[in-house]
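Participant: Kindly return the folded structure for what I paste below:
(2 chains)
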Amino acid sequence: MSDLDLLQRRFDRERAARKEAEMLLEQKSREVYETNCQLRDLAEQNTAIVESAAEGILTYSSDGKILTINRSAERLFGVSRSNSLNLRDLFEAGENAEAVLFRCDVDLGGEADHNIDSQPDADSNEIVAVRSSGKVFLSGISVSCTTHCKQKMFTVLVRDLSRRKRMEAKLNQAQKMESIGQLAAGIAHEINTPIQFVNDNLQFLQDAFEDLSELLDLFDQLLASVKADEPANKLVEQIDSQSEVADLPFLKEEFPNAFSQTLEGIQRVAKIVVAMKEFSQPPSEGKSQLDINQAIENALTIAASQFRDVATVKTDLQQGLPGIVCLGAQINQVLLNILANASEALAEQCGDTKGEILVTTRMIDNDLEIRVEDNGPGIPEHIRDRIFEPFFTTKEVGKGTGQGLAFVYDIVVNRHDGSIQAVASPSGGTTFVIHIPVPKVMDTEKREYENSIG
Amino acid sequence: MKGIVFTELIEMVEADLGIDIADRMIGGAETSNNGAYTSVGTYDHAELIQLVISLSSETNIPVPELVRTFGKHLFGRFHELYPQFFTGINSAIDFLPMVETYIHVEVRKLYPDAELPSFECEITNGVLDMTYRSKRPFADLAEGLILACVDHYKDPIDIKRTDIGEQNGTEACFTLTPASVQLS
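Facilitator: Now for the predicted structure:
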């Protein structure tokens, strides 16, 4: 084959290759065009989502300069995107706000142009925001951090919590009133029983005294007759007769019982009143010392009517426990809520036999442990992690607010750095295990406790 | 397989052996497009094998040797065409692990559907074990590329190849031992 022929063949191959390359170029151009259309649609869709979101959404740089702001955020803060804005003008200054708004859990250094450095907060933070008018409001925010074109960029979702907080306050108040109502009804029932038998005994004593009063009159008359040397046979007969009516042997036997029962009834009422007085100490800002065993006894006294028909309550309270420094009123309410929860669980499966509630206290290392165990139906595994969530309830609509255990969690964990767990009881029910750390200031008392058991 | 491999093969044969041999290689291979390849196209890898077999029969050079030689040529071309991949790298031991972690990442940005081989690298006490795995039997091509890379950086490195798996050229482990490690 001549060189010319070889070159011609090579030329033909090159021409065919060029045509194929042109075809591929056209194809790629079309793909680029279609991809651009898709990207434009996606961008418009994303813009529509962001702009129509109920939450305020802002993006900002590390120095706080706001890069984008959606309509909800404009409304929320009363600002316009046309103005140059800085995030620090929209929130009240403070270390907490700064730490939350500029949180970044992962170092920079990703090779990709767009790098997710941190996941948005699972739990939103609450910080005080400021409208352009200067009016402040409580906001719930979730912050995430990304790296875009090697620049750190933050995104914050902002919600106005003012209305929710008002609703929560109302709900808390309603729940408090409901608790007070239930407690009042229970206490009325508790007081009513001893008052009834005090009343019965006093009625008996009053009736008996009327009979004895007549007898005493006859004795007075007899005494006067004897002193005057007058005949008294008739009076003696009357005394005999009246003695039979009054049934003196019976009265002699029953009077001590009537008095002791009356005193017992009055003591029971007094105990309830003392428990109520200790229990309902006004909530204060500061913490004070509390005898946890006494608090448990008080709670059991107050809530007795709630579980009398459904459970037998046993206690195993470690003696000589150190007092704990705590918010007494709130801890009292915690105990009441846990006991109420146990009795309600037992009431669900209450048949002919009563359930059992066992309350124990122990010192475990530096923690005071309170266990409330019931042999009720137990908490299903799949909801055990959710029972402390606010508004979570398994009760029918209108029967439970889902605030009881959420309150318990808040008080134990957030206010006392303690812990609370709901674990399955060996009996099939539930055991609530509360740990409250005993602060260092209680060391002296703790040593006394250790000496007492050593 | 990307068209650049085909166009580079033909160009190498044309340059080293002449357009006559290149033409006969293409004619003997009986490929679907009569050798009209464009570098941005994608073609069946079997055609490359057909071309190399055809070249082997024209030159009486064994196929593995031809493929290794082509691998060496390809490395030089990659260095000319894509210098950005070589910036700041001073040794084969540093460069080769980047084939998987950097170069292939960049290739996939341009050609998301590219079926690339994998190069699993592990450095132990200065010795690099590089394991090649592919759906295609081009361990010889990989060997040529690695040899050219070591030559490029002028590293005194001992290279040992161990065929693994089905021993059909789809899997091989290359152990690169620098002379400094051997001495110590």
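
Participant: Could you use CA atoms for every contact and neighbour count after this?
Facilitator: Will do.

Participant: quick one: is stretch B:47-56 near chain A?
Facilitator: No: using C-alpha under 8 Å from any C-alpha of the partner chain, stretch B:47-56 never reaches chain A; the gap is at least 15.0 Å.

Participant: Over that stretch, what's the mean pLDDT, rounded is fine.
Facilitator: For stretch B:47-56, the mean per-residue pLDDT is 96.

Participant: Going by neighbour count, which residues of that stretch are buried?
Facilitator: For stretch B:47-56, burial by neighbour count (16 or more other C-alpha atoms under 10 Å in any protein chain shown) applies to B:Glu47, B:Leu48, B:Ile49, B:Gln50, B:Leu51, B:Val52, B:Ile53, B:Ser54, B:Leu55, B:Ser56.

Participant: Which secondary structure state is assigned to the fourth one?
Facilitator: Which is B:Gln50. Using DSSP: H, G, I helix; E, B strand; the rest coil, the structure places B:Gln50 in helix.

Participant: That one reaches B:Thr31, doesn't it?
Facilitator: Yes: using C-alpha atoms under 8 Å, B:Gln50 is in contact with B:Thr31, at 7.5 Å.

Participant: For chain B, what lies in contact range of chain A?
Facilitator: Checking chain B against chain A by C-alpha under 8 Å from any C-alpha, the hits are B:Ile19, B:Asp20, B:Asp23, B:Asn34, B:Gly35, B:Ala36, B:Tyr37, B:Thr38, B:Val40, B:Gly41.

Participant: now with 10 Å?
Facilitator: Neighbours of chain A within chain B, by C-alpha under 10 Å from any C-alpha of the partner chain: B:7, B:19-20, B:22-24, B:33-41.

Participant: show me where chain B has helices.
Facilitator: Taking DSSP state H to define them, one finds helices in chain B at B:3-17, B:19-29, B:45-59, B:63-81, B:92-95, B:97-98, B:104-110, B:139-153, B:179-183.

Participant: ranking those helices by burial, who's on top?
Facilitator: helix B:139-153 (a mean of 21; mean count of other C-alpha atoms under 10 Å in any protein chain shown).

Participant: Determine the angle, from 0 to 180 degrees, between that helix and helix B:63-81.
Facilitator: Orientation of helix B:139-153 against helix B:63-81 (axes from the mean of the first three to the mean of the last three C-alpha atoms, to 10 degrees) gives an angle of 50 degrees.

Participant: Pull helix B:139-153 out as CSV, backbone CA atoms only.
Facilitator: Only the C-alpha atoms of helix B:139-153 are listed here, as CSV (Å, rounded to 0.1, in the frame of the first residue of the first chain):
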residue,chain,number,x,y,z
ALA,B,139,-2.8,-5.6,35.1
ASP,B,140,0.0,-5.4,32.6
LEU,B,141,-1.1,-1.9,31.7
ALA,B,142,-1.1,-1.0,35.4
GLU,B,143,2.4,-2.4,35.7
GLY,B,144,3.6,-0.3,32.8
LEU,B,145,2.1,2.8,34.4
ILE,B,146,3.7,2.0,37.8
LEU,B,147,7.1,1.3,36.2
ALA,B,148,6.9,4.6,34.3
CYS,B,149,5.9,6.5,37.4
VAL,B,150,8.9,5.1,39.3
ASP,B,151,11.2,6.0,36.4
HIS,B,152,9.7,9.5,36.2
TYR,B,153,10.5,10.2,39.8
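
Participant: same for that helix, what does it pack against?
Facilitator: Judged by 3 or more C-alpha pairs under 10 Å, 6 or more residues apart in numbering or on different chains; DSSP states H and E, helix B:139-153 is in contact with helix B:63-81, helix B:92-95, strand B:127-133, strand B:157-163, strand B:171-178.

Participant: Kindly present those as JSON lines, with separate columns for mean pLDDT.
Facilitator: Below are the helices and strands packed on helix B:139-153 laid out as JSON lines (pLDDT from 0 to 100):
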{"stretch": "helix B:63-81", "mean pLDDT": "95"}
{"stretch": "helix B:92-95", "mean pLDDT": "94"}
{"stretch": "strand B:127-133", "mean pLDDT": "96"}
{"stretch": "strand B:157-163", "mean pLDDT": "95"}
{"stretch": "strand B:171-178", "mean pLDDT": "96"}
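
Participant: Give me the domain ranges for the chain.
Facilitator: In the absence of a named chain, this looks at chain A. With domains defined by automatic domain parsing, chain A comprises A:53-160, A:164-280, A:287-454.

Participant: Hmm, no, I was thinking of chain B.
Facilitator: B:3-61, B:74-183.

Participant: returning to that earlier point: please name whichever of the helices and strands packed on helix B:139-153 is nearest to A:Gly404.
Facilitator: Closest approach to A:Gly404 among the helices and strands packed on helix B:139-153 (C-alpha to C-alpha): strand B:127-133, 61.0 Å.

Participant: Near whichever residue of chain B sits closest to chain A, how many other residues are there?
Facilitator: Nearest residue of chain B to chain A: B:Ala36, at 4.5 Å (C-alpha to the nearest C-alpha). Counted by other C-alpha atoms under 10 Å in any protein chain shown, the residues lying close to B:Ala36 total 22.

Participant: And the one 4 residues further on, by the same measure?
Facilitator: Residues near B:Val40, counting by other C-alpha under 10 Å, number 16.

Participant: Tell me who's in contact with the nearest residue to A:Ser132 once chain neighbours are set aside.
Facilitator: Spatial nearest neighbour of A:Ser132, excluding adjacent residues (C-alpha to C-alpha, 6 or more residues apart in numbering or on different chains): A:Gly78 at 5.4 Å. A:Gly78 sits next to A:Arg71, A:Ser72, A:Leu90, A:Val130, A:Arg131, A:Ser132, A:Ser133, A:Gly134 when contact means C-alpha atoms under 10 Å, 6 or more residues apart in numbering or on different chains.

Participant: Could you identify the helix or strand that succeeds the strand or helix carrying A:Leu4?
Facilitator: Take DSSP states H and E as the rule and A:Leu4 turns out to sit in helix A:3-52. Of the helices and strands lying after helix A:3-52 in sequence (DSSP H and E), the nearest is strand A:56-61.

Participant: The helix or strand immediately after that next one in the chain pairs with which strands, parallel or anti?
Facilitator: Next in sequence after strand A:56-61, counting helices and strands by DSSP H and E, comes strand A:66-69. When pairing is defined by DSSP bridges, strand A:66-69 lines up against strand A:56-61 (antiparallel).

Participant: Distance from the chain centre to the partner strand, please.
Facilitator: 33 Å (C-alpha atoms, centre = their mean, to the nearest Å).

Participant: now for the helices and strands packed on helix B:139-153, which one comes closest to A:Gln175?
Facilitator: Among the helices and strands packed on helix B:139-153, strand B:127-133 sits nearest to A:Gln175 (C-alpha to C-alpha), with 67.3 Å.

Participant: That closest one - contacts with which helices or strands?
Facilitator: helix B:92-95, helix B:97-98, strand B:118-124, helix B:139-153, strand B:157-163, strand B:171-178, helix B:179-183.

Participant: for the third one, packing partners?
Facilitator: Translated: strand B:118-124. Against strand B:118-124 (3+ C-alpha pairs under 10 Å, 6+ apart) you get helix B:97-98, strand B:127-133, strand B:171-178.

Participant: Okay then, goodbye and thanks.
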